[in-house]
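Student: Generate coordinates for the sequence data below:
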Amino acid sequence: MVKVEFKLNGRSVRPNDIANQLEKAMMKQVQDRITHKLRNVRDPETGAAPTIKVIGRSLDNLSFEVAGSPALIEEVKRRLR
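Tutor: The predicted structure follows:
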């Protein structure tokens, strides 16, 4: 008999749960990528960091909201292009 085992990020995953676990892992990658790209972005006047809200029900349907001054929002948009 052939044994097939699924592992994601080094952890075993049940076959019936693999879609949920893959989506979680991909959402984490989105978060990590945004954090990496924006970690040094600050408002030029106040030094405040941006607030990013990722909204959606799945990876196919995500949108981003950025809170901050107009200058900060423009810098965020520039970095995320």
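Student: quick check: longest helix of this structure.
Tutor: Using DSSP state H, we find that the single longest helix of the chain is helix 18-38.
Student: all helices of the protein, in order?
Tutor: Under DSSP H, the chain gives helices at 18-38, 70-80.
Student: what angle do the longest helix of the chain and helix 70-80 make?
Tutor: Orientation note: helix 18-38 sits at an angle of 120 degrees relative to helix 70-80 (axes from the mean of the first three to the mean of the last three Cα atoms, to 10 degrees).
Student: between the helices of the chain, which one is nearest to residue 56?
Tutor: For residue 56, the closest of the helices of the chain is helix 18-38, at 9.2 Å, according to Cβ to Cβ. All C-beta spots, glycine's among them, are computed from the backbone N, C-alpha and C.
Student: Show me what the closest one is packed up against.
Tutor: Where contact means 3 or more Cβ pairs under 8 Å, 6 or more residues apart in numbering; DSSP states H and E, helix 18-38 is packed against strand 6-8, strand 51-58, helix 70-80.
Student: can you rerun that using 6 Å?
Tutor: Where contact means 3 or more Cβ pairs under 6 Å, 6 or more residues apart in numbering; DSSP states H and E, helix 18-38 is packed against strand 6-8.
Student: Noted, bye for now.
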